[in-house]
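*Asks:* coordinates only, no sequence provided:
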């Protein structure tokens, strides 16, 4: 097996090679160190490293294997995590300069569970400031480039994570997602990503400071080079935190029918968030793979609410959740501005500010609207097993660090609002649904395109197992050409 073949292997295969003693954890870690030294200076995906600590852990894993100790599913596999997860002794500043010198005193629960599964954590990957962009750059760590084209963004906010996985600099990654932050980077970088059902994977330790309350809509989840790794990641990371473990147990159901018996709905474009033709064609391609396997396909099935209603509910709840992360001084300015808004002003900007400063009564009304949508989805998934959609409007776009309000995206020659693309992430995010992004290969410009598979609440294994089926039928990870040695 060549160096590149090892570097781009799935985490599951790497763990198998280590268990069979075809490679040691130390050897594999050094292989990734060499690739980080070679490729990361230009890519800037991995922004913090703990090499000495990781080498000690890798040596321990090799020694445990030599004495016949029981191994976990990630035993000896070198991995990285998104910067926003606490790792003892490292910063967890979310790209905020004022917090860059503060060090975490303990590992996030997800990091603890990965280590218990045998993973060797050797670094952290880049993010946008406050995890609030479709790109990954900040004043603390700089800008991360897309491994398929360094002039383009890798996505955000788990952009460093997806770039590190795609470039073969790490074995496995975990990110987080409130507005597509796992799924957009997976799509832009050509890897697999999974946004789980809300709160299925406990988020303790993925926060600024000592906050323990899970953020509404926000989740954590895996990014990897295979769908099988996503399934492994969910099994490792899911399950109740200590406070719930006395009365709750995890019991996720696998896909219970053959692919030929699936009912597949397809939502490939919408006037509320237009998608370019190449992306539409990839959604069609995925639908055709299911069709050829005998599945029933519907291009017209929809849950019982409008796209406009879903977006309005999602935007309100998203902005309310994000506003909770604002510094006090910034929030006070938004409150002051909100008080000046005329009642007649129902523009998008005014509604955004109202959502950021909403009363509990207003939030409760929108939460009820969300709950109504959850039940509409529940009814929909009585008839359909999955829904196929685009993840975003286009493939990876050029870096744009200008004012967010002035950014736009070129969709088949038409300039569209930058944040319009959030509709496709919010379609599942607003209602706590799981969704998996599967790569479909490069487009005519040599840039990856992913397709989103949405399932019912807690049907995480269904969407991932459908991704496994697609992977076996052509929708597999393809390494970016410049990173094959």
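*Replies:* Looks like it came in fine. Since this is a predicted model, take the numbers as computed values, not measurements.

*Asks:* per-domain residue ranges of the chain.
*Replies:* Using automatic domain parsing, the domain ranges for the chain come out as 3-256+476-483, 307-367.

*Asks:* give me the neighbour count for residue 464.
*Replies:* Close neighbours of residue 464, defined as other CB atoms under 10 Å, add up to 30. From N, CA and C alone the C-beta is placed, and that goes for glycine too.

*Asks:* quick check: pLDDT value at it.
*Replies:* Residue 464 carries a pLDDT value of 98.

*Asks:* residue 92 too?
*Replies:* Value listed for residue 92 in the pLDDT field: 98.

*Asks:* what distance do you get for it to residue 241?
*Replies:* Separation of residue 92 from residue 241 (CB to CB, to the nearest Å): 18 Å.

*Asks:* out of the two, which sits in the busier spot?
*Replies:* residue 92 (23 against 15).

*Asks:* returning to what we had before: redo the domains of the chain as TSV? Include distance to residue 445.
*Replies:* Listed next are the domains of the chain as TSV, based on distance: least, CB to CB, whole Å:
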stretch	distance to residue 445
domain 3-256+476-483	8
domain 307-367	28
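
*Asks:* highest average neighbour count across those?
*Replies:* domain 3-256+476-483 (a mean of 22; mean count of other CB atoms under 10 Å).

*Asks:* how long is that one from one end to the other?
*Replies:* Using CA to CA, to the nearest Å, the end-to-end distance of domain 3-256+476-483 comes out at 11 Å.

*Asks:* stretch 268-278 now?
*Replies:* End to end - CA to CA - stretch 268-278 spans 11 Å.

*Asks:* now do stretch 447-467
*Replies:* First residue to last in stretch 447-467 (CA to CA) measures 20 Å.

*Asks:* now swap in stretch 344-363 and tell me
*Replies:* Note: stretch 344-363 ends 20 Å apart using CA to CA.

*Asks:* now swap in stretch 125-132 and tell me
*Replies:* 15 Å.

*Asks:* can you give me how far that stretch is from the chain middle?
*Replies:* 12 Å (CA atoms, centre = their mean, to the nearest Å).

*Asks:* pLDDT averaged over it, what's the number?
*Replies:* Mean predicted confidence for stretch 125-132 is 98.

*Asks:* the nearest residue to residue 455 once chain neighbours are set aside - how many residues pack around it?
*Replies:* With sequence-adjacent residues excluded and distances taken as CB to CB, 6 or more residues apart in numbering, residue 455 is closest to residue 463, at 4.2 Å. Using other CB under 10 Å, residue 463 is surrounded by 30 other residues.

*Asks:* same question, the one 10 residues further on
*Replies:* Residue neighbour count, defined by other CB under 10 Å, stands at 14 for residue 473.

*Asks:* wait, what's in contact with residue 479?
*Replies:* For residue 479, the contacting residues are 4, 8, 166, 168, by CB atoms under 8 Å, 6 or more residues apart in numbering.

*Asks:* three-state assignment of the last one?
*Replies:* So the one you mean is residue 168. For residue 168, the assignment made with DSSP: H, G, I helix; E, B strand; the rest coil gives coil.

*Asks:* show the contacting residues for it.
*Replies:* Contacts of residue 168 by CB under 8 Å, 6+ apart are 4, 7, 8, 35, 479, 483.

*Asks:* which residue is the nearest non-sequential neighbour of it?
*Replies:* Nearest one to residue 168, counting by CB to CB, 6+ apart, is residue 7 at 3.6 Å.

*Asks:* so residue 445 touches residue 396, yeah?
*Replies:* No - Residue 445 is beyond contact range of residue 396, at 9.3 Å (criterion: CB atoms under 8 Å).
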